[in-house]
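**Student:** Only the shape, not the letters, is given here:
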């Protein structure tokens, strides 16, 4: 045997060893993947404001299989506001819904059992008022005496009242007209109202509806929007395992919205080109995270005082808003994200 043969033999053995090592690594990686969840797949009806950026963790969890990985078959139901989503939950048409803090407060003041399982989004410059310049609305103070469209009982309503208060305007010094969020742009364009209050993407829609005639005032100084996932107390407390699965999926969804902004914005397939540009510019100011903190309780109490003062409900005493948050779920899956004093 010449000297080249042992060299070829050694190279051949090395190649076989490398292939075996690669195969073993591939098998290890396959086995290391999360196992399919035990038990049957659970159907969950989720009422979602799918056009609102705050729903990003829910949309990501649905689109990228984070719910499915937890054994949840999430059936998304689209609504144009958190108020409508919560109504679907309270009427038994959905199990959980995405909702801002205001509808939760109003439901609690009406003795309806609503429980937040987590806040999923916060933004300061997502609410505001759009006014018609040709109707004399050019400054915040010029809203006095004007007709203002708003969706009553929502965060848009709270922001408007807080904004007017900042301008030292009384609620009686303006005329409020109630519209669904998607109707505000049309009402403004037709001249049924002189201004309209709401949140994105409806603010952009209102501005476009009266292009060249719009004055916009943002409410970041009076309201930091909180977006939550909530259900009835009966459902949440009787389905602790389901809530934990949902929260794990939402944690992955929020991480996706933070780490993959371009792909996350692509989840909002119906936005206009101008709204897409606005989303890209504003994305860095959005806070996607699955939390329950003391600030939520303080916000709920402030908003309850507003609702009681403005006689939006008959109840006159302050509820215990610890009853409106479900702490056990997040404490189980992400204990550091739960900082409510209790």
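**Tutor:** Arrived safely, thanks for sending. Quick caveat: nothing in here was measured; it's all calculated off a predicted structure.

**Student:** who's in contact with the residue nearest to residue 179 when sequence neighbours are not counted?
**Tutor:** Closest residue to residue 179 apart from its sequence neighbours, by C-beta to C-beta, 6 or more residues apart in numbering: residue 149 at 5.0 Å. For glycine as for every other residue, the C-beta is placed from the backbone atoms N, C-alpha and C. The contact partners of residue 149, taken as C-beta atoms under 8 Å, 6 or more residues apart in numbering, are 176-179, 183-184, 187-188, 192-193, 195-197.

**Student:** rerun that using 7 Å as the cut-off
**Tutor:** 177, 179, 184, 187, 188, 193, 196 (C-beta atoms under 7 Å, 6 or more residues apart in numbering).

**Student:** of all those residues, which two lie farthest apart?
**Tutor:** 177 and 188 (10.6 Å; C-beta to C-beta).

**Student:** more neighbours, those two?
**Tutor:** For residue 177 and residue 188, the more surrounded residue by other C-beta atoms under 10 Å is residue 188, and the numbers stand at 28 against 14.

**Student:** give me phi/psi at the residue nearest in space to the middle of the chain?
**Tutor:** The residue lying closest to the centre of the chain (C-alpha atoms, centre = their mean) is residue 54, at 3.0 Å. Torsion angles at residue 54 (phi, psi; degrees, to the nearest 10) stand at phi -60, psi -20.

**Student:** Could you measure from residue 223 over to residue 178?
**Tutor:** Remark: distance between residue 223 and residue 178 (C-beta to C-beta, to the nearest Å) = 19 Å.

**Student:** Please identify which of those two sits among more neighbours.
**Tutor:** Neighbour totals were compared for residue 223 and residue 178, and residue 223 leads with 28 against 11 (other C-beta under 10 Å).

**Student:** ok so the more buried one is a strand residue?
**Tutor:** No. Assessed with DSSP: H, G, I helix; E, B strand; the rest coil, residue 223 is coil; it does not lie in a strand.

**Student:** Give me the buried positions along the helix or strand that contains residue 255.
**Tutor:** In this structure, residue 255 sits in helix 240-259 according to DSSP states H and E. For helix 240-259, burial by neighbour count (16 or more other C-beta atoms under 10 Å) applies to 242-258.

**Student:** What are the boundaries of the strands in this protein?
**Tutor:** 42-48, 72-78, 96-100, 114-123, 127-132, 147-150, 175-178, 195-199, 214-218, 225-232, 287-291 (DSSP state E).
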